[in-house]
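[1] Please find the sequence and the predicted model below.
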Amino acid sequence: MARFRVPGEGYSFFRAHLARCQKIYLHNIVNIVASRYGRYQVNRIHVLHENAAWLPPLAQAFDQRRLLWTEWFLDAGTFDLAAPPPPGVFYNRMSASSHTRDHRFSAELTAAILAWMTRWDRRVVNGPGALDLEISKARQYAALEHHGIATPRTVLVAGREHVTAAAQRHFVDQPVILKPNRGGKGLGVQLFSSTDSLAAHVAGDDYEAPVDGLHLLQEYVRAPRPFITRAEFVGGRFLYAVEVNTSDGFELCPADACAIGDANCPISEEPQREKFTIINGIPDALRIRLERFLAASGVEVAGIEFITDIEGRTLVYDVNTNTNYNPDAEARAGRTGTARSGPGAIAEFLGGELNRLRAAA
């Protein structure tokens with residue numbers, strides 16, 4: 001089902017309207033909304049996503065700047081590929097974790113939609129290249145290493161029956177991390193102190209197969225403190241960095257809507273502190289290298305997570321092209337409601353792209 005929103009109108013009209021139109025093609029629904037409001041020819045921002053809980057901060061930033069925008073909820077629908085998509089700037093926010101919300105094929109649907117938009121030369125922020133990285137950590141690591149950015153030692157394993165043998169071959173007598181190739185929010189990331197404990201997990205009832213069938217075995221990076229850093233980029237440029245306390249485990253989604261339950265892997269007993277804290281920045285050399293990587297990969301909005309180990313190595317282990325921002329951390333840093341906040345920076349960037357389209361029309 002596709003959901004649409006025009007600023008200044010409540011959701012109630014659209015819910016009732018869409019209930020009457022469930023069997024109408026998505027493209028026709030767009031036209032119905034256009035005729036209802038009489039202003040669809042004006043270029044607007046189109047947000048492609050599948051999780052309504054993550055949208056309000058961005059919606060508020062759009063509405064604060066009086067930007068016209070439309071929501072595309074991509075869990076299902078019908079699309080006429082011979083017809084052009086509507087005009088405007090398209091912002092892809094599809095998440096690698098979409099399958100955990102019963103949207104098993106949203107990423108695949110989005111890939112097809114992005115190809116359709118590319119064929120019609122639409123302006124897409126975080127297009128096919130970004131989605132390709134979002135749904136595969138193996139492809140992330142290959143791209144990062146290609147650009148001279150170090151990643152943790154990782155072994156790709158296809159098949160549950162091969163996980164234990166691979167760990168015994170590559171990570172014997174050392175801790176090892178098991179994670180899905182396609183995850184999101186840190187879901188499914190678990191640390192095992194030995195290959196024996198890993199083997200017991202893989203053979204047990206708590207084992208859960210990755211959605212794409214691909215496991216990653218990864219070295220456990222020992223850091224001086226239980227923290228990682230997440231660097232946020234908007235428009236391909238560094239915005240700010242967040243220090244994330246990992247004492248409670250690896251579920252690191254910063255959005256308010258992400259409820260973190262029991263820790264997968266408590267790795268510290270030190271007193272609790274704020275989980276997300278905005279810090280002054282990251283080393284210039286790393287920032288420049290990450291910005292170049294994003295530009296080459298077709299990624300314009302991202303959160304990139306890295307860790308520095310006890311030997312001083314800085315290793316990048318995750319690229320989030322559907323990034324969320326922690327409102328409490330932004331409030332403590334005095335960024336809320338400004339262009340220095342994550343949602344504000346995205347709204348400013350997309351609004352600027354929209355103005356460029358209008359000027360070129």
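    The structure has been received and is ready for your questions. Residues are numbered from 1 along each chain as shown.

[2] Wait, G88 touches L67, no?
    No - in this structure, G88 is not within contact of L67 by CB atoms under 8 Å, at 10.5 Å. C-betas here are computed from N, CA, C, even on glycine.

[3] This protein: helices as residue ranges?
    Along the chain, counting by DSSP state H, helices occupy 11-19, 26-37, 56-64, 106-119, 128-134, 137-146, 163-170, 195-203, 284-297, 327-332, 342-360.

[4] Show me the one of these that comes nearest T78.
    helix 26-37 (5.7 Å; CB to CB).

[5] hang on, the earlier thing: which of G88 and L67 has more neighbours?
    More neighbours surround G88 than the other of G88 and L67, with 22 against 17 (other CB atoms under 10 Å).

[6] circling back to that earlier point, between the helices of the chain, which one is closest to N320.
    Going by CB to CB, the one of these nearest N320 is helix 128-134, 7.4 Å.

[7] Residues contacting that closest one, please?
    92, 94-96, 107, 110-111, 114-115, 118, 139-140, 143, 297-300, 302, 319-322 (CB atoms under 8 Å, 6 or more residues apart in numbering).

[8] start to end distance for stretch 100-108?
    End-to-end distance for stretch 100-108, by CA to CA, to the nearest Å: 14 Å.

[9] so where is the stretch 101-250 of the chain shaky, pLDDT-wise?
    Along the stretch 101-250 of the chain, the parts satisfying pLDDT under 70 run over 184-186, 249-250.

[10] what's the residue closest to the geometric middle of this protein?
    Centroid-nearest residue in the chain: N322, 2.3 Å away (criterion: CA atoms, centre = their mean).

[11] wait, isn't it in contact with S95?
    Yes - assessed by CB under 8 Å, N322 is found in contact with S95 at 4.3 Å.

[12] Mark out where each domain of this structure begins and ends.
    The record assigns the chain these domain ranges, following automatic domain parsing: 11-127+345-360, 134-150+223-340, 154-219.

[13] How far off centre is the longest one?
    Read it as domain 134-150+223-340. Computed by CA atoms, centre = their mean, to the nearest Å, the separation of domain 134-150+223-340 from the middle of its chain amounts to 11 Å.

[14] Kindly report the same for the last one.
    Put simply, domain 154-219 sits 22 Å off its chain's centre (CA atoms, centre = their mean).

[15] Distance across that domain, terminal residue to terminal residue?
    So domain 154-219: terminal residues 7 Å apart, CA to CA.

[16] What of the second one?
    End-to-end span of domain 134-150+223-340 (CA to CA): 24 Å.

[17] With stretch 221-235 instead?
    Chord length of stretch 221-235, first to last residue, is 30 Å (CA to CA).

[18] Show me what counts as buried in that stretch.
    By 16 or more other CB atoms under 10 Å, the buried positions in stretch 221-235 come out as V221, F227, I228, T229, R230, A231, E232, F233, V234, G235.

[19] Which strand residues bridge the residue lying closest to the second one once chain neighbours are set aside?
    This means F227. Closest residue to F227 apart from its sequence neighbours, by CB to CB, 6 or more residues apart in numbering: E243 at 5.3 Å. Beta-bridge pairing of E243, defined through DSSP bridges, involves T229, T277.

[20] residues near E243, how many?
    Neighbours around E243, by other CB under 10 Å: 17.

[21] Look up how far R289 lies from it.
    20 Å (CB to CB, to the nearest Å).

[22] And A329, by the same measure?
    With distances taken as CB to CB, A329 is found 25 Å from R289.

[23] the more surrounded of those two?
    Neighbour count, other CB under 10 Å: between A329 and R289, A329 has more, with 22 against 16.

[24] Who's the closest spatial neighbour of the more buried one, skipping the chain neighbours?
    F276 (4.1 Å).

[25] what's the answer for L354, then?
    Nearest non-adjacent residue to L354 (CB to CB, 6+ apart): V89, at 5.1 Å.

[26] residues contacting that neighbour?
    N43, R44, I45, H46, R123, V124, V125, L350, E353, L354, L357.

[27] Quick check: closest non-adjacent residue to the fifth one.
    When you say that, I think you mean R123. Nearest residue to R123, sequence neighbours excluded (CB to CB, 6+ apart): V89, at 4.9 Å.

[28] The one you found and N355: what is the separation?
    Separation of V89 from N355 (CB to CB): 10 Å.

[29] Next: L198.
    In this view, L198 and N355 are 53 Å apart by CB to CB.

[30] Tell me which of the two has more neighbours.
    Taking other CB under 10 Å, L198 and N355 do not tie; L198 has more neighbours (24 against 12).

[31] Isn't that one up against F192?
    Yes - L198 is in contact with F192 according to CB under 8 Å; the separation is 4.1 Å.

[32] list residues touching both of these two?
    V176, L178.

[33] about what we covered before: go ahead and build a PyMOL selection from the buried members of the contacts of helix 128-134.
    Command for PyMOL that selects the buried part of the contacts of helix 128-134, burial taken from 16+ other CB under 10 Å:
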select buried, resi 92+94+95+96+107+110+111+114+139+140+143+297+298+299+300+302+319+320+321+322
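
[34] related to what we said a few turns ago, which one of the buried residues of stretch 221-235 sits closest to D80?
    G235 (31.7 Å).

[35] tell me the phi and psi of that closest one?
    Taking degrees, to the nearest 10, you get phi 70, psi 20 for the backbone angles of G235.

[36] What's the separation between the nearest residue to I228 once chain neighbours are set aside and N245?
    Nearest residue to I228, sequence neighbours excluded (CB to CB, 6+ apart): I307, at 4.7 Å. Going from I307 to N245 by CB to CB gives 13 Å.
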